[in-house]
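# Sharing a model that was predicted from the sequence below.
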Amino acid sequence: MTLTTLPRQSLGFFPTPLVELPRLSRALAGPPIFMKRDDLSGLALGGNKTRKLEFILGEALVQGADCVITAGAAQSNHCRQTAAAAAQLGLECHLVLGGEQPAEITGNLLLDELFGAQCHWAGEHRKGEDIPQLATRLKATGKKPFLVPYGGSNELGAAAFVEALCELKQQLDGLSQPLGHIVFASSSGGTQAGLMVAKKLLNWDVELPGIKIDKDESEGQIFEEMVLELATSTARLLGVEAEFSLSDVQLNADYLGQGYGVVGESEREAIRLTAQQEGILLDPVYTGRAMAGLIGLIRSGKIGADAPVLFWHTGGAPALFAYAEDVLSS
Ligand SMILES: Cc1ncc(COP(=O)(O)O)c(C=O)c1O
């Protein structure tokens, strides 16, 4: 398979814009900062899952699915975008969400409801642990469910980010100074695995520090190893000849704070600074934390002022409404 022969369903608007953030750069006395605006990818207020779902749901349609199941946290952006795509394609959508049904329905959850998704509350199980049982129940009623993995992070989702880095490389053609770093939020690993494969494919000498969002290990597997395996299997799927080792998985765990979805002072500062310097909205869980990482790396001198840096905006702003108190408190 190659990127052009994989089944695909168009869902978004590509290429997403590439913009420069001169005021943020000045405020940090840092390098030129560029931003890849995947928050403007379309599909229900945008985000990085639009790219992944084009390939994943392309496969679902080939397989003749009539419903999709996926999983995430109550405020999952991945679930919101899957629900929207399913609505657009006339597929029933089941979301297995962590926690209990909240009293107030807002943010992404409000949008899930509007898209007609059926929410199943799974308590501690926010990473799709309960998907197999639900699939069995749906099959018993004659349905043909298609399982979209947690975060859209399988080989098809990662392939979308191989394409994304190729897209960026073309947009950067003509940039006088080569990019030093690409900083992004890494959570279920598909974005990172795809970028790693594309870096090898393009033979691009750029650093790819993923900012870790979630402390948890997935089913006992160390996250770095999971990303490594996914990069390896994605390269194999696409026929990219590349060997990976753990040293290729660049992950920064310094900005985890109190853990997944707990908004701290550094996320609050990152969200406000980006909003007030550039008029751009980040989200409280992923891009707010990743931007806190970029700010910290610049302030500590780990990212110097000598080469431009790119921040990959992966979306998520609808969650701001659900986290309003946390984002505003000081
Ligand atoms: C807004 C946002 N950014 C980044 C990510 C992380 O991407 P990945 O799951 O591919 O690591 C997610 C995942 O849900 C997300 O919703």
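Right, received. Where do you want to start? Numbering: from 1, shown residues only.
# Grab the nearest non-local neighbour of the spatially most central residue of the chain.
When C-alpha atoms, centre = their mean is applied to the chain, the residue found nearest the centroid is residue 48 (4.7 Å). Spatial nearest neighbour of residue 48, chain neighbours left out: residue 314 (3.8 Å); criterion: C-beta to C-beta, 6 or more residues apart in numbering. (Glycine included, C-beta is placed from N, CA and C.)
# Make sure residue 296 is actually in contact with residue 264.
No - here residue 296 lies out of contact with residue 264, judged by C-beta atoms under 8 Å, at a distance of 12.0 Å.
# do you know how far the closest residue to residue 148 other than its chain neighbours is from the ligand?
Nearest residue to residue 148, sequence neighbours excluded (C-beta to C-beta, 6+ apart): residue 70, at 3.9 Å. As judged by C-beta to the nearest ligand atom, to the nearest Å, residue 70 and the ligand stand 11 Å apart.
# SS state for residue 70?
Three-state assignment for residue 70 (DSSP: H, G, I helix; E, B strand; the rest coil): strand.
# Next up, the contacts around it.
By C-beta atoms under 8 Å, 6 or more residues apart in numbering, the contact set of residue 70 is 78-79, 82, 93-96, 128, 131, 147-150, 152.
# CSV please, covering those residues and showing neighbour count.
Output for the contacts of residue 70, formatted as CSV (neighbours: other C-beta atoms under 10 Å):
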residue, neighbour count
78, 30
79, 30
82, 32
93, 23
94, 26
95, 29
96, 25
128, 23
131, 22
147, 19
148, 33
149, 20
150, 24
152, 27
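# Summarise which helices and strands the helix or strand harbouring residue 60 is packed against.
Counting by DSSP states H and E, the element that carries residue 60 is helix 49-62. With contacts taken as 3 or more C-beta pairs under 8 Å, 6 or more residues apart in numbering; DSSP states H and E, helix 49-62 sits against helix 77-89, strand 145-147, helix 155-172.
# So that helix, near the ligand or not?
No - residues of helix 49-62 contacting the ligand under C-beta under 6 Å from any ligand atom: none, with a closest distance of 6.6 Å.
# got the contact list for that helix?
6-12, 14, 38, 41-43, 68, 77-78, 81-82, 85-86, 89, 91, 146, 148-149, 151-154, 156-161, 163-164, 190, 315.
# what angle sits between that helix and helix 155-172?
Counting by axes from the mean of the first three to the mean of the last three C-alpha atoms, to 10 degrees, helix 49-62 lies at 140 degrees to helix 155-172.
# Mind listing what's buried along helix 49-62?
Within helix 49-62, the residues that count as buried by 16 or more other C-beta atoms under 10 Å are 49-60.
# Around the ligand, which positions in this structure sit nearby?
Residues of the chain lying near the ligand by C-beta under 6 Å from any ligand atom: 47-48, 77-78, 151, 153, 185-192, 283, 286-287, 314-316.
# give me that answer again for 5 Å
By the criterion of C-beta under 5 Å from any ligand atom, the positions of the chain lying close to the ligand are 77-78, 151, 185-188, 190-191, 286, 314-316.
# on that earlier part again, nearest to the ligand, of the contacts of residue 70?
residue 78 (4.5 Å; C-beta to the nearest ligand atom).
# Who are the contact partners of the closest one?
49, 70, 72, 150-152, 188.
# What distance do you get for it to residue 98?
Between residue 78 and residue 98 the distance is 12 Å, computed by C-beta to C-beta, to the nearest Å.
# Where do the strands of the stretch 151-300 of the chain begin and end?
Here the stretch 151-300 of the chain has its strands, by DSSP state E, counting those that start in this stretch, at 181-186, 210-212, 251-252.
# For residue 115, find the nearest of those.
Counting by C-beta to C-beta, residue 115 lies closest to strand 181-186 out of these; the figure is 23.4 Å.
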